[in-house]
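S.K.: Sequence below, structure please.
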Amino acid sequence: MNAILKTSTASEIMTTSEVSDFLSVHRSTVHKMRERGDIVAYKFGKRVYFKRSEIMATITANRVEISTPVETSEAA
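M.R.: Presented below is the predicted three-dimensional model:
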């Protein structure tokens with residue numbers, strides 16, 4: 001049971017590199033997002049960590065509607 005708890009907790013915690021891979025952005029972008037307060041981070045010593053659930057909540061909170069462009073047909 002202890003191993004299951006450690007595994008589920010470990011997958012919830014992400015490093016800066018893991019967040020950058022997850023969001024498909026550069027690591028410096030993750031740092032800027034953290035500095036602006038766009039995403040929540042946790043420091044442990046000199047290391048910075050993120051919670052996967054909070055990254056997902058940020059993505060969900062910033063949802064935008066994308067309208068599909070209307071195709072126009074040209075008269076020949």
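S.K.: okay, CA-based contacts and neighbour counts for the rest of this
M.R.: Noted.
S.K.: Spatially nearest residue to the residue positioned nearest the centre of the chain (excluding sequence neighbours)?
M.R.: Most central in the chain under Cα atoms, centre = their mean is residue 55, positioned 4.1 Å from the mean C-alpha point. Distance criterion Cα to Cα, 6 or more residues apart in numbering; nearest residue to residue 55, sequence neighbours excluded, is residue 39 at 6.7 Å.
S.K.: For the one you found, give me its contacts.
M.R.: The contact partners of residue 39, taken as Cα atoms under 8 Å, 6 or more residues apart in numbering, are 33, 54, 55, 58.
S.K.: now for the longest strand anywhere in the chain, which elements pack on it?
M.R.: Counting residues, the longest strand in the chain under DSSP state E turns out to be strand 47-51. The contact analysis (3 or more Cα pairs under 8 Å, 6 or more residues apart in numbering; DSSP states H and E) places strand 47-51 against strand 13-15, helix 16-23, strand 42-44.
S.K.: Just send those back as a markdown table, with distance to residue 64 and mean pLDDT too.
M.R.: Converted to a markdown table, the helices and strands packed on strand 47-51 look like this (distance: least, Cα to Cα, whole Å; pLDDT from 0 to 100):
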| stretch | distance to residue 64 | mean pLDDT |
| --- | --- | --- |
| strand 13-15 | 25 | 95 |
| helix 16-23 | 16 | 96 |
| strand 42-44 | 27 | 94 |
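S.K.: Touching, residue 49 and residue 43? I think so.
M.R.: Yes - using Cα atoms under 8 Å, residue 49 is in contact with residue 43, at 6.3 Å.
S.K.: more crowded one of these two?
M.R.: Set residue 49 next to residue 43 and count neighbours by other Cα atoms under 10 Å: residue 49 wins out with 17 against 9.
S.K.: Next, the angle from the longest strand of the chain to helix 16-23.
M.R.: If you take axes from the mean of the first three to the mean of the last three Cα atoms, to 10 degrees, strand 47-51 sits at 30 degrees to helix 16-23.
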